[in-house]
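Novice: can you look at this prediction? I've put the sequence above it.
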Amino acid sequence: QVQLVESGGGLVQPGGSLRLSCVASGSIFSITSMGWYRQAPGKQRELVAAITSSSGSTNYADSVKGRFTISRGNAKNTVYLQMNSLKPEDTAVYYCNAEGSFRLVVGGPIRYREVWGQGTLVTVSS
């Protein structure tokens with residue numbers, strides 16, 4: 001009943017830029033925060049950046065500070081990740097995450113949960 005759809009991944013050369021987008025739709029009561037995580041082959045999923053809905057405060061992994069920028073759309077069910085100065089070590093599947101109150105089952109109760117997108121692959125290579 002709640003979907004996160006990511007777009008914008010692809011192949012880019014080192015030093016290049018990409019912009020990821022994520023739109024949340026469905027039975028959404030409220031969204032507390034949205035963020036981006038990534039998982040490289042053989043590694044655990046890690047937080048890249050997150051932004052709160054109320055104040056717009058942001059949080060970044062040290063490895064992307066100064067290069068990546070997370071932002072919200074006007075509708076607040078959309079989040080973007082602008083990635084600049086990309087490095088080969090940024091190669092990973094990037095997942096959109098939303099935390100909030102959702103109705104995950106038709107006719108079911110509203111619950112506070114995390115939901116995930118299916119991921120979009122970012123490959124940084126020459």
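Specialist: Arrived safely, thanks for sending.
Novice: list the buried residues in the one helix or strand residue 11 maps to.
Specialist: Assigned by DSSP states H and E, residue 11 belongs to strand 10-12. Neighbour-count burial for strand 10-12 flags residue 12 (criterion: 16 or more other Cβ atoms under 10 Å). Glycine gets a C-beta too; all of them are placed from N, C-alpha and C.
Novice: same check, this time on stretch 17-27
Specialist: For stretch 17-27, the neighbour count (16+ other Cβ under 10 Å) marks 18, 20, 21, 22, 23, 24 as buried.
Novice: can you put those residues in a markdown table and add pLDDT, distance to residue 46 and secondary structure?
Specialist: Output for those, formatted as a markdown table (pLDDT from 0 to 100; distance: Cβ to Cβ, whole Å; DSSP: H, G, I helix; E, B strand; the rest coil):
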| residue | pLDDT | distance to residue 46 | secondary structure |
| --- | --- | --- | --- |
| 18 | 98 | 18 | strand |
| 20 | 98 | 15 | strand |
| 21 | 97 | 20 | strand |
| 22 | 97 | 17 | strand |
| 23 | 97 | 23 | strand |
| 24 | 96 | 21 | strand |
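Novice: can the residues you listed go into a markdown table with extra columns for distance to residue 54?
Specialist: Formatted as a markdown table, these follow (distance: Cβ to Cβ, whole Å):
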| residue | distance to residue 54 |
| --- | --- |
| 18 | 28 |
| 20 | 22 |
| 21 | 21 |
| 22 | 18 |
| 23 | 20 |
| 24 | 16 |
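Novice: of these, closest to residue 91?
Specialist: The nearest member of the buried residues of stretch 17-27 to residue 91, counting by Cβ to Cβ, is residue 18 at 11.3 Å.
Novice: now do the same contact list for that closest one.
Specialist: By Cβ atoms under 8 Å, 6 or more residues apart in numbering, the residues touching residue 18 are 8, 9, 10, 12, 83, 86, 122.
Novice: ok, the third one touching residue 122?
Specialist: The reference is to residue 10. Yes. Counting by Cβ atoms under 8 Å, residue 10 touches residue 122, with 7.1 Å between them.
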